[in-house]
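In: what follows is a predicted structure for the sequence shown.
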Amino acid sequence: DTEVTQTPKHLVMGMTNKKSLKCEQHMGHRAMYWYKQKAKKPPELMFVYSYEKLSINESVPSRFSPECPNSSLLNLHLHALQPEDSALYLCASSQDTAVTYEQYFGPGTRLTVT
Amino acid sequence: EDQVTQSPEALRLQEGESSSLNCSYTVSGLRGLFWYRQDPGKGPEFLFTLYSAGEEKEKERLKATLTKKESFLHITAPKPEDSATYLCALRDFNKFYFGSGTKLNVKP
């Protein structure tokens, strides 16, 4: 099973709202990632968790707050977002962060900020 | 910094018309080259990993090859369901460097 699940599939939120995106994998992977993808662009890395610890933050604004409660779960907490944050948010996982391992992606959450 | 360039940006084929997509790269040392397929509004789907020049991998109508400077994704006798954006990527420590993708449209 190479499935990564994400909820919700779609999310519409106002600029003053607080919401969370959830990601889950049961492949025993120890690395998990958040990406942001705008239309017709490749995914852009936001955060990397390795063995449940944040290892990379790609200078993401603090209105995005990641959390890794355990090795299977990854959350992205959203607060005071801007319309330009509207995008497809992708979660991915890999066996660990060694460069030879491929990443498996979830279906994404389509976020619209109004 | 590693760079990944894909061409063409878009490709329209008739069903059954074979072709190839290109991914060229500049790296100080190849660590792994990955091919993904992405359908609109969905996450990328892993296809292949290639590690060394001369390596080839196949899956159904797709065949990926690797040289020291580029990778090709050959599509043999494509079907409309092969229509998607194909992304290649390189790994560097924790980061994936994605190419901008080739959008493939296969007409019946």
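Out: Yep, it's here. Numbers count the residues shown, from 1 in each chain, chains lettered A, B, ... in the order given.
In: what's the span of stretch B:60-71, first residue to last?
Out: As for stretch B:60-71, its first-to-last residue distance stands at 18 Å under the measure Cα to Cα, to the nearest Å.
In: report the buried residues of it.
Out: When burial is assessed from 16 or more other Cβ atoms under 10 Å in any protein chain shown, stretch B:60-71 yields the following buried residues: B:L62, B:K63, B:A64, B:T65, B:L66, B:E70, B:S71. To be clear about C-beta, it is placed using only N, CA and C from the backbone, and glycine gets the same treatment.
In: any residue of it up close to chain A?
Out: No - in terms of Cβ under 8 Å from any Cβ of the partner chain, no part of stretch B:60-71 sits within range of chain A; the closest distance is 12.5 Å.
In: that's a helix at A:Q6, yeah?
Out: No - under DSSP: H, G, I helix; E, B strand; the rest coil, A:Q6 falls outside any helix and is assigned strand.
In: could you measure it against B:Y86, distance?
Out: From A:Q6 across to B:Y86, the span is 22 Å (Cβ to Cβ, to the nearest Å).
In: hey, where'd the strands end up in chain A?
Out: Defined through DSSP state E, the strands belonging to chain A, from first to last, are A:4-7, A:10-13, A:18-25, A:31-37, A:44-50, A:53-57, A:64-70, A:73-79, A:87-94, A:104-105, A:109-113.
In: centre of the chain to the edge, which residue is at the far end?
Out: Unless you meant another one, I'm taking chain A. A:T100 (21.0 Å; Cα atoms, centre = their mean).
In: for that one, which non-adjacent residue is spatially closest?
Out: Spatially, and ignoring its direct neighbours in sequence, A:T100 is nearest to B:G32 (5.0 Å; Cβ to Cβ, 6 or more residues apart in numbering or on different chains).
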